[in-house]
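A.B. asks: Generate coordinates for the sequence data below:
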Amino acid sequence: MRAVRFHAARDIRVEDVAAPSDALAPDDVLVEPFCCGICGTDLHEYIAGPIVTPQTPHVFTGASNPQILGHEFSARVKKVGSAVSHVSPGDRVSIQPLLSPRDDYYAKRGLYHLSPKMGCVGLSWAWGGMAEQAVVKDYNAQPIPQNLTDEQGAMIEPAAVAMYGVDRGGVTAGSTVLVSGARLAR
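C.D. replies: Okay, here's the model as predicted:
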């Protein structure tokens, strides 16, 4: 299958790679991405990486470069593991990309995002949204309502990041804020 993979700074390639195995773990979901955003993190990796993508096997996921990129994406479920019940083949999903242990100190408190072992689909996991197929954990696949487009489904993760910043910043109606866009490197 075709995939976009990060190798090193200014070295991202479209390559043929082996497709995921049909033998899924009980909590795995095999998806076929519809569309995928390019995040500022992806741009930083391209310009100056590796920063987030692992040069040696990731402590939790075992992934290392070259890395299939893409953590802001929507997809159609192709197959699910035996323990997955909230999505089924054919469902459209948005990917919440954070991966972490479900049984460490932070997980037991519902603070998965604070785990020092945290990884991310499309940055430090074997699979990403810039490929014809990807495998994610069941908790990464969130069903998309029928009234949202595939493009809107891909924007759920970046919108959640923005809303988190607004909430943490105490921004309310009438607040003055600066909104800054991406800067192109030459």
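A.B. asks: From now on I want contacts and neighbour counts done on CA atoms only, so please keep to that.
C.D. replies: Will do.
A.B. asks: The longest helix belonging to the chain: how far from the chain's middle?
C.D. replies: In the chain, with assignment by DSSP state H, the single longest helix is helix 156-169. Helix 156-169 sits 16 Å away from the centroid of its parent chain (C-alpha atoms, centre = their mean, to the nearest Å).
A.B. asks: Which strands or helices does it pack on?
C.D. replies: strand 92-95 (3 or more C-alpha pairs under 8 Å, 6 or more residues apart in numbering; DSSP states H and E).
A.B. asks: The same query, at a cut-off of 10 Å, please.
C.D. replies: Helix 156-169 sits against strand 73-80, strand 92-95, with contacts defined as 3 or more C-alpha pairs under 10 Å, 6 or more residues apart in numbering; DSSP states H and E.
A.B. asks: Please name the strands paired to the shortest one in the sheet, noting orientation.
C.D. replies: This means strand 92-95. Neighbouring strands of strand 92-95 in its sheet, by DSSP bridges, are strand 73-80 (antiparallel), strand 141-143 (antiparallel).
A.B. asks: ok, and what's touching the following helix or strand past it?
C.D. replies: For strand 92-95, the succeeding helix or strand toward the C-terminus, using DSSP states H and E, is strand 98-99. Identification of contacts with strand 98-99 by C-alpha atoms under 10 Å, 6 or more residues apart in numbering yields 60-61, 71, 112-113, 115, 117-125, 136-137, 139-140.
A.B. asks: Give the buried subset of these as a PyMOL selection command.
C.D. replies: Only the buried entries of the contacts of strand 98-99 go into this PyMOL selection, using 16 or more other C-alpha atoms under 10 Å:
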select buried, resi 61+71+112+115+118+119+120+121+122+123+124+125+136+137+139+140
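A.B. asks: Compute the inter-axis angle for the longest helix of the chain and strand 73-80.
C.D. replies: 120 degrees (axes from the mean of the first three to the mean of the last three C-alpha atoms, to 10 degrees).
A.B. asks: ok, the residue nearest to Val136 when sequence neighbours are not counted - how many residues close by?
C.D. replies: Of all residues not flanking Val136 in the chain, Val29 sits nearest, at 5.3 Å (C-alpha to C-alpha, 6 or more residues apart in numbering). Other residues near Val29 number 26, with proximity taken as other C-alpha atoms under 10 Å.
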